[in-house]
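Engineer: Here is a sequence together with a model predicted from it:
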Amino acid sequence: MIKKSVILISIFLLLGFASVNAALNCPRNSDEFSEFKSISSAALLEFLADPTKSKLNSNEVSDISSFFDKYKDRWTSADCSEVGTASGETIKSIIEKYTGVVDAGLSCRVENPKWSAQQAVQSTVVSLSVDTPKCKDRDTVKFVVKEKDFTKENDNVQVNPNDGIVLDGKATTTWKVEWQEDLETTPSGPKNDNPPEYYFTASVGSSSVTSGLLFASQCKDADRDGYNDISCGGNDCKDNDGSVHPNAAEACDTKDNDCDLEADEGGICGYDHARRTRFDGAGNIVLLKDNCIGDPDLDLLSLFIRSPALTNSSSGWKAEYGRYDFNADGKIDLRDFFVLGGRIEGFDLDKDNYDTTRCHNDCNDKNKNVNPGSAEVCDGGDNNCDKKVDYAFSLGDLDNTCGQSKWVSTGQTKWVTVNYACQQTELREWQYANSFCEEGVGCKSQNTASRWYETGNTRNINDGATCHNTYCSGSSLRYDFKCSGGQCLGKTGSCSSSDFCSGSYRFFGGYCDAAQGRCSYNREYCQYGCASGQCNRDPCAGVSCSANVCGGDGRIGTKGYCSGGKCYYSWQYCAYGCSSGQCNSPPPKDLCAGISCNNYCSGERRIFNGKCDSSSGKCSYSSWEYCSYGCSNGQCNPKPQQACDCTYGSQCLTNWQCTKINGVKYLCYKGGFYRGYDGMCQYGI
């Protein structure tokens, strides 16, 4: 609990200073001096009145008081992000706690999301950026990219961008554009909604924004070799030939198979020893030339190996020169001549008329069914020696050798809730097993679709639980829906029931209110009450109270009136009794001998000035008064003594009342006296 002196000084400071308008880094409902003073004063007085019901605790009250005192003469220097020494909270958060209003405009947030382009080709890199007002440098902003769908849930991308780092009020990151087939399900069947559209969200803390759309165009892979055309950012130098791509093995076919600007390099075409050599008279091997595609022109080779060496980066270089680059180092020099000797080969062990030279390319000389003239079959092997396993020129050419595609049960089951959560039905998963030939692997079966079908098994749940809201069906009210035996069953009631009463109101003309899902009625107020659906008639109708009446105690009732079916009168005493609506005449003798007419109490009234009527011997009283504090023994009770907040001697004082003690003025507050707060006195000296 903070000290009373600190609170009183704070009240004096907050209420005593003049307003100074100035902006500061505070919530917008307290960024001016006068606003802050009003809120702080209210918070202090609330705490003083009852600390247990105060929105702020003692430490928070102390912090805003100290903050005000610190900056009261230099308000423009105040910063509400300052942390209070007592509570450990910022002044901004204390003010927001008291007012219940959080100023989000002062928090780190993201806005103005932008792509660096509205359209981009697959595999190109685009930039994503957002403005980050109120954020600090090095804060982290999370970026997430999704593919927009209009008929189903948006799709995730394969790779999301990295987080962005705030710098100078902006966060930026990059993303490599992907291509996703945008197939959407519609009532009329699947729909190809290409090209795909992408958007991104950026978030920091509770602040999040969503960008506009980026439209992607596909970088084609026309030959289906897994490498995109070089013209749209890919690295396939010949996208109409599946044997040509950066990861292809070089073949003896005059093509630049691996896209390195050279064809048939590395001595891939070999050197046919069996058909291209003879011995001269001195025992030397003479290198000859035949029509094999791999035979190099040795005269041209001799020309190329002269200095300076010809390279694949030289002007005038042609890809076909690669056949002379026997060591595949990108240039033709003397080293290639020495490597040539290691390429002499040529056998045909399986007698299929294809030898093992790179020219004739029998890739398996132990199997006569494997050679460049054989047909490719889907068996996991390279049947035609094209260095491709199970490759077909057209998609699906070899699929028919791999069996029939069909729906197959996975054995997986699940229970789903139906009938307004009153029953569960069992579903079994079926997947479509698509049998096909996969290049490089052989026959495979791939599940391309999945569906769930009912098994016929059910189980009832939630018996007795509410399963549906009340609603109208025509003029009937359907209500009290409960689960029972797997079904959601309710009751039906008519809203056109008989009129009824509730209190002093009559309800009639019942109807079913579809908007509210309940019966509604017209109503009217019954002045004399309601019974059996009808307003009661005036109970005083036909009742006459005009004649005087006599009471049983000798009083006479006059000026009669009817209320609630009963007669009420102004009563007065008849000194000698009452008969036939008239006071009796006095008796012939004085009956007051020995009778004393003392004062007495009647409820809260004191009855006095009594006099005895000699003709009747009874006392009559001419005066009465109302006793504010009750009546006892014919006398009004005195006013009870007032409770005191502070006492000094015989003095009884209340909060904010002042008195003098030994000639000095003191303020009474909650049982204590405080000196020096003359200006706080609300009454007293």
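Structural biologist: Right, received. Where do you want to start?
Engineer: pull the longest helix from the chain.
Structural biologist: helix 33-49 (DSSP state H).
Engineer: Quick one: list the elements packing against that one.
Structural biologist: helix 4-16, helix 58-71, helix 91-99 (3 or more Cβ pairs under 8 Å, 6 or more residues apart in numbering; DSSP states H and E). The C-beta positions use only the backbone N, C-alpha and C, and glycine is treated the same way.
Engineer: Mind doing that once more with 6 Å?
Structural biologist: If you count contacts as 3 or more Cβ pairs under 6 Å, 6 or more residues apart in numbering; DSSP states H and E, helix 33-49 packs onto helix 4-16, helix 58-71.
Engineer: Residue 309 against residue 333, yeah?
Structural biologist: Yes - here residue 309 reaches residue 333: they are 4.0 Å apart, a contact under Cβ atoms under 6 Å.
Engineer: what's the closest non-adjacent residue to residue 464?
Structural biologist: residue 482 (5.7 Å; Cβ to Cβ, 6 or more residues apart in numbering).
Engineer: again but with residue 331, I slipped
Structural biologist: residue 311 (4.0 Å).
Engineer: and residue 668, helix, strand or coil?
Structural biologist: strand (DSSP: H, G, I helix; E, B strand; the rest coil).
Engineer: residues near it, how many?
Structural biologist: Residue 668: 24 surrounding residues under other Cβ atoms under 10 Å.
Engineer: Show me the least confident stretch of the helices and strands packed on helix 33-49, going by mean pLDDT.
Structural biologist: Per-stretch mean pLDDT for these is lowest at helix 4-16 (a mean of 43).
Engineer: Just the buried positions in the longest helix of the chain, please.
Structural biologist: By 16 or more other Cβ atoms under 10 Å, the buried positions in helix 33-49 come out as 33, 35-37, 39-41, 43-44, 46-48.
Engineer: ranges for the strands of the stretch 151-300 of the chain?
Structural biologist: For the stretch 151-300 of the chain, the strands defined by DSSP state E, counting those that start in this stretch occupy 155-156, 164-167, 170-176, 183-186, 189-192, 197-204, 207-210, 214-217, 271-272, 277-279, 285-287.
Engineer: averaging pLDDT over each of those strands, which comes out lowest?
Structural biologist: For the strands of the stretch 151-300 of the chain, where the average pLDDT is lowest is strand 277-279, sitting at a mean of 45.
Engineer: circling back: pull the longest helix of the chain out as PDB, backbone CA atoms only.
Structural biologist: Provided in PDB are the C-alpha atoms of helix 33-49 (Å, rounded to 0.1, in the frame of the first residue of the first chain):
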ATOM      1  CA  PHE A  33      -1.600  17.400 -20.800                       C
ATOM      2  CA  SER A  34      -5.300  18.100 -19.800                       C
ATOM      3  CA  GLU A  35      -6.300  14.600 -21.000                       C
ATOM      4  CA  PHE A  36      -3.600  12.900 -19.000                       C
ATOM      5  CA  LYS A  37      -4.300  15.000 -15.900                       C
ATOM      6  CA  SER A  38      -8.100  14.000 -16.000                       C
ATOM      7  CA  ILE A  39      -7.400  10.300 -16.400                       C
ATOM      8  CA  SER A  40      -4.700  10.300 -13.700                       C
ATOM      9  CA  SER A  41      -6.900  12.300 -11.300                       C
ATOM     10  CA  ALA A  42      -9.800   9.900 -11.800                       C
ATOM     11  CA  ALA A  43      -7.600   6.900 -11.300                       C
ATOM     12  CA  LEU A  44      -6.200   8.300  -8.000                       C
ATOM     13  CA  LEU A  45      -9.600   9.200  -6.600                       C
ATOM     14  CA  GLU A  46     -11.000   5.800  -7.500                       C
ATOM     15  CA  PHE A  47      -8.100   4.200  -5.600                       C
ATOM     16  CA  LEU A  48      -8.600   6.400  -2.600                       C
ATOM     17  CA  ALA A  49     -12.400   5.700  -2.500                       C
END
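Engineer: roughly how far out does it sit from the chain middle?
Structural biologist: Computed by Cα atoms, centre = their mean, to the nearest Å, the separation of helix 33-49 from the middle of its chain amounts to 35 Å.
Engineer: repeat for stretch 624-636
Structural biologist: On Cα atoms, centre = their mean, the centre of stretch 624-636 falls 70 Å from that of its chain.
Engineer: do the same with stretch 147-158
Structural biologist: Chain-centre distance of stretch 147-158: 18 Å, with Cα atoms, centre = their mean.
Engineer: Buried residues of it, list them for me.
Structural biologist: For stretch 147-158, by 16+ other Cβ under 10 Å, it's 147, 149, 157.
Engineer: Present those residues as TSV; the columns should include pLDDT and distance to residue 660.
Structural biologist: Shown next, in TSV, are those (pLDDT from 0 to 100; distance: Cβ to Cβ, whole Å):
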residue	pLDDT	distance to residue 660
147	89	84
149	78	84
157	90	83
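Engineer: ok, now how distant is the residue nearest to residue 116 when sequence neighbours are not counted from residue 211?
Structural biologist: Closest residue to residue 116 in three dimensions, ignoring its sequence neighbours and counting by Cβ to Cβ, 6+ apart: residue 127, at 3.7 Å. Going from residue 127 to residue 211 by Cβ to Cβ, to the nearest Å gives 12 Å.
Engineer: Need the pLDDT of the residue most central in space within the chain.
Structural biologist: Central residue of the chain (Cα atoms, centre = their mean): residue 206, 9.5 Å from the mean position. On the pLDDT scale, residue 206 is placed at 76.
Engineer: Residue 362 now?
Structural biologist: pLDDT, residue 362: 76.
Engineer: Not counting its neighbours along the chain, what's nearest it?
Structural biologist: In space, and not counting its chain neighbours, residue 362 is closest to residue 354: 3.8 Å by Cβ to Cβ, 6+ apart.
Engineer: what's the domain layout of the chain?
Structural biologist: 4-106, 111-217, 268-374, 471-535, 587-640, 646-684 (automatic domain parsing).
Engineer: Relative to the whole chain's centre, how far out is the fifth one?
Structural biologist: What that stands for is domain 587-640. The answer for domain 587-640 is 80 Å, by Cα atoms, centre = their mean.
Engineer: what's the answer for the first one, then?
Structural biologist: For domain 4-106, the separation from the chain centroid amounts to 33 Å (computed by Cα atoms, centre = their mean).
Engineer: And the residue nearest to residue 68 when sequence neighbours are not counted, how far from residue 511?
Structural biologist: In space, and not counting its chain neighbours, residue 68 is closest to residue 40: 5.6 Å by Cβ to Cβ, 6+ apart. Distance of residue 40 to residue 511, given as Cβ to Cβ: 56 Å.
Engineer: Kindly report the same for residue 523.
Structural biologist: 13 Å.
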